[in-house]
Structure formats: C-alpha cells, structure tokens
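1. Below are the sequence and a predicted model for it; my questions follow.
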Amino acid sequence: MFILKCILILVTGLCCVFSQDADTAKSSIDNREMFTSVDISYSKDEGNTNYKSLYYGFDFSILGNVGPLKDTEFSINFSKTDDVFDGELFANDQYLTSKFDLWANQRLSPFLFFQASYDSLIGLNQRINFGLGAKAEIFGPLSLSYALLWESEDYKKFDVTSYDSLNYEWYDYTDSVFVGLYDYDSTLIDPDDFDGDYYYYYYYGNWDVIWPSINADGDSIIQFYRYDSTLTDGYFYYTDSVRNENGDFYYYSDSTTESTGGVEKFYRHSIRPKFKIKLFDESLVFDYRLFYKPRVDDWEDYLLEHSLQISIATFYDALTLNFNYSDKYNSRYDLKTNGGIRFINPETGVLFKERDSSINIGFSFMF
C-alpha cells in the first residue's frame, strides 16, 4: 500500500509538470525526449518440477526541457518479482526508484533520489531511502557524485540463542546428570534350586525382580528373573534448565539471546564515481558505477556496490539488447570485520551473507 501511494504521488507530480509545459513554445517540446519501457513475464512448470514465476517492470524517463526546468533528467523505475518453487516462496521482492537531475549534462548537477523496496525472502519488510546530492564532471565520460542519504530499514524480528560452549561443536554443561539406556539379557530362576528363606532373601529381597504369569489351570504363579545389563546409549539431563513463560521449551541459564531485526533509522554518505561512454552513434552504451556508502556514525559499517550496464541497439531502433551485472558487499554481515556479530536471516534461520551478485541479459522495447 505504501508503494502504491508513492507511485500515485510521483505520477501526480509528473502530470503537474506536464500541465506547466502545455503552453510552452514548440522548440521547448522539441528539446525533450520521453522513453517508456514495460516488461512482463510469466512462466509455470508442473509435474516433476513445480515452479511459477511472475515478473513485471515499468520504466519511464524524461530527458531535456520540462516546463521552466532546462536540461533535466527525470525517471521512475518499478519492478516486482513473485516466484514459487514446489509450494515454497522462492522470490518476493519489489522496488520503486525515482531520480531527478537538474542541469543533467552540465559540469555540476544537483539531484534528488528516492527508493522504496521490500524483500520477503530475507525478512525485509520495508526499506526507504531519501537522498540529496550533486554530480560533478571530472573529464569526458568520468564523473563523481556525492549524496547524503536518510535510510530506514524494517526487518522482521528474530531471536537467536547463543550458548557458552568454549568454542566446541557441542555444549558441555558441568552440572548435568547422565541418564543411561540399558539392554537386559534375562535368565529364568527356578525356586526349587534354592531353599526357603535364603532364596527369598537374596533373590526376592535384594533383586526384587518378579514376573507374574498364569499356568494352564488358571492359577497365578510368580516367576523370578535375573538380568545382566549392558549400557547401549545415554544422554545428559541438564539441571540448570528453566522452563520459559509459555511452557513450550527449555533454555539453559548459561545462554544469551540476541535479537535481530526491527526498525532502524540512520544516515549514510554515498560516494559514486561513474564512467559512461556512448559509441557508434549511441548504438553502444557502456555504463559502470561504483558506490561506496558508509554510515555517518560508523564508517566501518559500509556498503560497496559495483554496477555495469551495457546496451546494444539492434536492427530495430526501439529494440535493445541489455546486459546488467551487479556485485554488492555489506560489511555489517562480514564476520571477519564486524567483530563476530551474527545477523540471522529470520526466514531461513541462517546467517546473512555479506555478498550478493547477479547477472541479467535480456531485450527491452521502448515506445
């Protein structure tokens, strides 16, 4: 619902800009280009493999003069993925990104940035980014930009219990009691082999092993057995365990519980060098960007992102072949650099990985 509201606000603002441009000179309109791209894909497999995939995306951009604003770039990008494999969630994410550049092709260009997203597979309920910054041209295709980002993250809450185990792969509790499991080989004892008091004292009084049965006449008889036991297995019972308030599991008193997730708000720096070049009358576009995003209050907590986009025009002007590659690193999840702090994925129960990469090859149709 929040994403839909954001789209509505952006579209409404765009309509206002167009209305301002309705009475402008024809030359102003001629200096503006608009591009719209729609991507929709659906696939479904049944049988030995049960898989269903739905993806749709929308891209809209304006380049040039928009009303009183000269040499601007405005874009809206929206995408959503919904995949299910064998009845289990495989992918469920959504992204909305908008950017506005003023004086986009000048040596200095201020810009605004907004992004809202979620990813159910990693327990991300919502992430929102607002940014304000400027881009400066260094020389030719190389530029450098800086932005101050306000970020809000809302991860699904998850509690994980850590045990003080002295780095063993198992847990050794010193106040435990061992409970043994035994296998018994029984031997029937004949009372006639023993005399009166001695038999009952030694075998009944001491061993106290009795098996009642009924003979052919329906009379109850007492049979005595001697058991030779062998330890087959065992387990430890922990006397320092305490039952939790819900009464459904035990935890150990030498353990600690860590909570991950919840809402967190903070500021980031965003430093981005970009190399973009257009060749063969813009038939080939090469766009590489590097993002370095440390937190304002902790520079050791940072994001490092590589992004490469290559676009090749085909024989048909509106049809383009696209190659996209990205590599993202999050130092927060790297146990080698974050002091060993464990962040748990609430959906899988395993640690978050510090690196993600993706490759995408496809066609786009613009109109």
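-> Looks like it arrived, so ask away.

2. Show me which residues of the helix or strand where residue 321 lies are buried.
-> Assessed by DSSP states H and E, residue 321 sits inside strand 319-330. Applying a neighbour-count criterion of 16 or more other C-beta atoms under 10 Å, one finds 320, 329, 330 buried in strand 319-330. Quick note: C-beta positions are derived from backbone N, CA and C, even for glycine.

3. Please apply the same query to stretch 69-83.
-> Quick answer for stretch 69-83 (16+ other C-beta under 10 Å): 69, 71-74, 76-83.

4. Which of those residues fall in strands?
-> Those of the buried residues of stretch 69-83 mapping onto strands are 69, 71-74, 76-83, per DSSP state E.

5. Out of those residues, which comes closest to residue 296?
-> residue 77 (26.3 Å; C-beta to C-beta).

6. which regions of the stretch 251-367 of the chain sit below the pLDDT cut-off?
-> 251-259, 317, 366-367 (pLDDT under 70).

7. Check what contacts stretch 267-285 and list those residues.
-> Contact partners of stretch 267-285, identified using C-beta atoms under 8 Å, 6 or more residues apart in numbering, comprise 131, 133, 135, 140-151, 286-297, 303, 309-313.

8. Now do the contacts for residue 91.
-> 53, 81, 82, 83, 121.

9. if you set the cut-off to 7 Å instead, what comes out?
-> 81, 83, 121 (C-beta atoms under 7 Å, 6 or more residues apart in numbering).

10. any idea how far residue 347 is from it?
-> 12 Å (C-beta to C-beta, to the nearest Å).

11. ditto for residue 299
-> 30 Å.

12. neighbour-wise, which of the two wins?
-> residue 347 (15 against 10; other C-beta atoms under 10 Å).

13. so the more buried one touches residue 125, yeah?
-> No: judged on C-beta atoms under 7 Å, residue 347 makes no contact with residue 125 at a distance of 11.4 Å.

14. Residue 291 and residue 143: what is the separation?
-> In terms of C-beta to C-beta, residue 291 sits 13 Å off from residue 143.

15. now residue 159
-> As judged by C-beta to C-beta, residue 159 and residue 143 stand 45 Å apart.

16. Nearest residue to residue 361 in space, please, no chain neighbours.
-> Closest residue to residue 361 apart from its sequence neighbours, by C-beta to C-beta, 6 or more residues apart in numbering: residue 323 at 5.4 Å.

17. Cross-check the contact I'm expecting between that neighbour and residue 287.
-> No: the criterion here is C-beta under 7 Å, and residue 323 misses it with residue 287 at 10.6 Å.

18. List the contacts of residue 292.
-> Per C-beta under 7 Å, 6+ apart, neighbours of residue 292: 271, 302, 304.

19. hmm, try it at 6 Å
-> 271, 304 (C-beta atoms under 6 Å, 6 or more residues apart in numbering).
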